[in-house]
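Student: sequence-free structure coming up:
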Ligand SMILES: [Fe+2]
């Protein structure tokens, strides 16, 4: 490829073209000259110039029209017009059309070279700026993609670490093994049934997996007591939502996750704990986890009783629907519970993002 700047010159007088060609070629430009202005399009297409010089007055196609054609092809190519008359009207029309500069016949060759040099410099600078912006745009797109991949990795690492911690807690007791993951799967299914968006479902997933994390701070003999708790022991057990929130605060999770942990034992009629808040004071996500948590607790075996069947547990939850639980949440559970399947729950618990999609 020729690295010399390419100049296209259009004039219906061959003598003028020869003079311009000679002057520009001495100054190391590559020059294409045409006397037929209807050849402009093919030169633009085959060898795009770095600048165009055109006579204004030509029969059939004048310089003003040529400027329009060049600008339409590439608005950055500078066009210099040559005028033989003191024709202000045509000159004004040329500038309105986007002409870069003009030369008045008879012009000095020095004048021609200075004008062409400036036009070519301007064109090269504009091309560099355009290239720079394009590269910058590509770089921003690439960096944004990298950042979002890194965020996804971080999110998945955090979730993995949290699941490992919660599983260790659940596994310390044969009766709670897998509880948090099942609650998570159930809560996400209810949330999806209630048409929550992906971002909210992810918050719900994290809050559900963490809901009982505060049990880490409850004494072992209370947590694993085979028979009913005394009043004092029960009071201590009721601290686990607040303990959970306190444990998780330093991690800097979304506030809505901490709200789920803090509120998952609150009940619609205000009989829950730790604050006894009611109805809308309890966030929707905590109301969902409350139902999922209760359903899983009811259907799991305990040292002192066998777990209920899903149908029995559903019946009990519906019975308390308007007192203890959010009716919209229990309705959503009612719609999905016939299709619950242990294998499905396990898959959702391990790969909830597949289910959330
Ligand atoms: Fe709990």
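Tutor: Here it is on my side, so go on. None of the values given here were measured: they were computed from a predicted structure. Residues are numbered from 1 along each chain as shown.
Student: Check which helices and strands the biggest helix by length in the chain sits against.
Tutor: Among all segments of the chain classified by DSSP state H, the helix with the greatest residue count is helix 109-171. Identification of packing neighbours for helix 109-171 by 3 or more C-beta pairs under 8 Å, 6 or more residues apart in numbering; DSSP states H and E yields helix 14-26, strand 51-55, strand 79-83, strand 101-104, helix 179-193, helix 198-210. C-betas here are computed from N, CA, C, even on glycine.
Student: Centre of the chain to it, how far?
Tutor: Its chain's C-alpha centre lies 14 Å from the corresponding centre of helix 109-171 when counted by C-alpha atoms, centre = their mean, to the nearest Å.
Student: same question, stretch 163-175
Tutor: Computed by C-alpha atoms, centre = their mean, the separation of stretch 163-175 from the middle of its chain amounts to 35 Å.
Student: same question, stretch 278-296
Tutor: For stretch 278-296, the distance from its own C-alpha centre to the chain's C-alpha centre is 30 Å (C-alpha atoms, centre = their mean).
Student: List of residues touching that stretch?
Tutor: Contacts of stretch 278-296 with the rest of the structure, by C-beta atoms under 8 Å, 6 or more residues apart in numbering, involve 179, 182-184, 186-187, 190-191, 194, 200, 203-204, 207-208, 211, 256, 259-260, 262-270, 272, 310, 313-314, 317, 325-326, 329-330, 333, 337.
Student: run the last query once more with 7 Å
Tutor: Taking C-beta atoms under 7 Å, 6 or more residues apart in numbering as the criterion, the residues outside stretch 278-296 that touch it are 179, 182-183, 186-187, 190-191, 203-204, 207-208, 211, 256, 259-260, 263-264, 266, 268-270, 313, 317, 325-326, 329-330, 333.
Student: Quick check: next helix or strand after the helix or strand hosting residue 313?
Tutor: With elements delineated by DSSP states H and E, residue 313 resides in helix 310-319, which encompasses its position. Once the chain leaves helix 310-319, the next helix or strand it forms, by DSSP H and E, is helix 321-324.
Student: in that next one, what counts as buried?
Tutor: Applying a neighbour-count criterion of 16 or more other C-beta atoms under 10 Å, one finds 321, 324 buried in helix 321-324.
Student: The very next helix or strand once past that helix - what's its average pLDDT?
Tutor: Next helix or strand after helix 321-324 toward the C-terminus (DSSP H and E): helix 327-336. The average pLDDT for helix 327-336 rounds to 91.
Student: Packing partners of helix 327-336?
Tutor: When contacts are defined as 3 or more C-beta pairs under 7 Å, 6 or more residues apart in numbering; DSSP states H and E, helix 327-336 packs onto helix 179-193, helix 284-299, helix 310-319.
Student: Quick check: residue 176 touching residue 167?
Tutor: No: under the contact definition of C-beta atoms under 7 Å, residue 176 does not touch residue 167, with a separation of 10.4 Å.
Student: more crowded one of these two?
Tutor: Neighbours per residue (other C-beta atoms under 10 Å) separate residue 176 from residue 167, with residue 176 holding more: 19 against 16.
Student: dump the residue contacts of the more buried one.
Tutor: For residue 176, counting by C-beta under 7 Å, 6+ apart, the contacting residues are residue 170.
Student: count of neighbours near residue 80?
Tutor: Residue 80: 23 neighbours (other C-beta under 10 Å).
Student: can you offset everything so residue one is 81?
Tutor: Fine by me, first position is 81 from now on; the one you just mentioned is residue 160.
Student: gap between it and residue 209?
Tutor: Remark: distance between residue 160 and residue 209 (C-beta to C-beta, to the nearest Å) = 21 Å.
Student: lowest-confidence helix or strand of the chain?
Tutor: helix 432-436 (a mean of 59; mean pLDDT, DSSP states H and E).
Student: Give me the nearest residue to residue 145, chain neighbours excluded.
Tutor: Across the structure, with C-beta to C-beta, 6 or more residues apart in numbering as the measure, the residue nearest residue 145 apart from its sequence neighbours is residue 117 (7.9 Å).
Student: So that neighbour sits against residue 139, correct?
Tutor: No: taking C-beta under 7 Å as the contact criterion, residue 117 and residue 139 are not neighbours in contact, 9.0 Å apart.
Student: Neighbour count: the two, which is higher?
Tutor: For the pair residue 117 and residue 139, the greater number of neighbours falls to residue 117 (21 against 7), based on other C-beta under 10 Å.
Student: State the distance from residue 244 to residue 233.
Tutor: Counting by C-beta to C-beta - residue 244 and residue 233 are separated by 16 Å.
Student: Sweet, I'm off.
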